[in-house]
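A.B. asks: Sequence and computational prediction follow.
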Amino acid sequence: MSLLLPGLDDYLLSVLPPRDAVLARMEAEAARRSIPIVGPAVGRLLAQYARLLGARRVFELGSAIGYSTLWLARAVGEGGHVFFTDGSQANADEAGGYLAEAGVADRVTLLVGDALTRLRETEGEFDLIFNDVDKEGYPDVARQAVPRLRTGGLLITDNVLWDGWLRQPSCEDDVETAAIRAFNRMLYENPDLETTIVPLRDGLAIARKVR
Ligand SMILES: C[S@@+](CC[C@H](N)C(=O)[O-])C[C@H]1O[C@@H](n2cnc3c(N)ncnc32)[C@H](O)[C@@H]1O
């Protein structure tokens, strides 16, 4: 999944420093089982933004086996906290194993079930919310996640360019494509947000809550 010219994505991956053993194993496992993780270039971007913000409380919507969770958990540092959410108990169990192995299990809460329901049940504001749920749910995320950010906090969302499908007229009636289009519009039209789409991998929306 890349929107870049052929070869450029390979180049971007080739310049990345090697990952530690836990991340490398998760990447291999995701490739073997076709689990749609963000991959190392986006993982680094998430960690970089979390560090720039000095993020202490992070909520993740759609965590799968915890690959992006691990990047974020390392970035929040000791005393920081990340809330993992996934609909699958098996994914949460697997993520728990990797996070324990990486030595960050104590800074992650594993929540199973619908991600936005778990967000509503979790008190407090967040410095960063990372959105990677099923795409039909994106407009609800725009409505429900933004009020949960502190002023200055970030909503970062994966797949907002949706493999280039957004520009295909033939996808007019596709539910996921329509949801992502609506989501991107909602972000840019919201006067409380300052939004930029970064065309890395499958497109990331970085939306900062300005008030
Ligand atoms: C794209 S994967 C997440 C990958 C993960 N963010 C990473 O990069 O390592 C999406 C995951 O979220 C789960 N999911 C999708 N929609 C969800 C929802 N509404 N509530 C909870 N989990 C959801 C899927 O089952 C899947 O495991």
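C.D. replies: Sure, I can see it. Residues are numbered from 1 along each chain as shown.

A.B. asks: what sits up against the helix or strand of the chain with the lowest mean pLDDT?
C.D. replies: Across the helices and strands of the chain, mean pLDDT, DSSP states H and E gives its lowest value to helix 8-14, namely a mean of 92. Outside helix 8-14, the residues that touch it by Cβ atoms under 8 Å, 6 or more residues apart in numbering are 2, 4, 39-41, 200-201. Bear in mind the C-beta positions are built from the backbone N, C-alpha and C, glycine included.

A.B. asks: Of all pairs in those, which one is the farthest apart?
C.D. replies: Within those, 4 and 40 form the most distant pair, 15.0 Å apart (Cβ to Cβ).

A.B. asks: Among those two, which residue is more densely surrounded?
C.D. replies: Using other Cβ atoms under 10 Å, the more surrounded residue of residue 4 and residue 40 is residue 40, with 19 against 13.

A.B. asks: show me the contacts for the more buried one.
C.D. replies: Contacts of residue 40 by Cβ under 8 Å, 6+ apart are 13, 16, 19, 23, 27.

A.B. asks: With residue 148 instead?
C.D. replies: So residue 148 contacts 59, 119, 125-126, 129 (Cβ under 8 Å, 6+ apart).

A.B. asks: same check, this time on residue 165
C.D. replies: So residue 165 contacts 171, 174, 177 (Cβ under 8 Å, 6+ apart).

A.B. asks: Report the secondary structure state of residue 78.
C.D. replies: Three-state assignment for residue 78 (DSSP: H, G, I helix; E, B strand; the rest coil): coil.

A.B. asks: Would you map the strands across the chain?
C.D. replies: 57-61, 81-86, 108-112, 126-131, 149-158, 193-198, 204-209 (DSSP state E).

A.B. asks: Let me know whether the first one sits next to the ligand.
C.D. replies: Yep, that's strand 57-61 we're talking about. No - residues of strand 57-61 are not located near the ligand by Cβ under 6 Å from any ligand atom, the shortest gap being 6.6 Å.

A.B. asks: Can you list the buried residues in that strand?
C.D. replies: Neighbour counts over strand 57-61 (16 or more other Cβ atoms under 10 Å) mark 57-61 as buried.

A.B. asks: Show me which residues of this structure sit near the ligand.
C.D. replies: So far as Cβ under 6 Å from any ligand atom goes, the chain lies against the ligand at 36-38, 62-64, 67-68, 85-88, 91, 114-115, 132-134, 137.

A.B. asks: can we see that at 5 Å?
C.D. replies: 36-38, 62, 64, 67-68, 86-87, 114-115, 132-134, 137 (Cβ under 5 Å from any ligand atom).

A.B. asks: Just the buried subset of those, please.
C.D. replies: Buried, going by 16+ other Cβ under 10 Å: 37-38, 62, 64, 67-68, 86-87, 115, 132-133, 137, out of the residues of the chain next to the ligand.

A.B. asks: and the two most separated of those?
C.D. replies: For these, and using Cβ to Cβ, no pair is farther apart than 67 and 137, which are 19.7 Å apart.

A.B. asks: Skipping its backbone neighbours, what lies nearest residue 78 in space?
C.D. replies: Excluding its sequence neighbours, the residue lying closest to residue 78 (Cβ to Cβ, 6 or more residues apart in numbering) is residue 107, at 7.2 Å.

A.B. asks: Residue 84 is in contact with that neighbour, correct?
C.D. replies: No - Residue 107 is beyond contact range of residue 84, at 10.7 Å (criterion: Cβ atoms under 8 Å).
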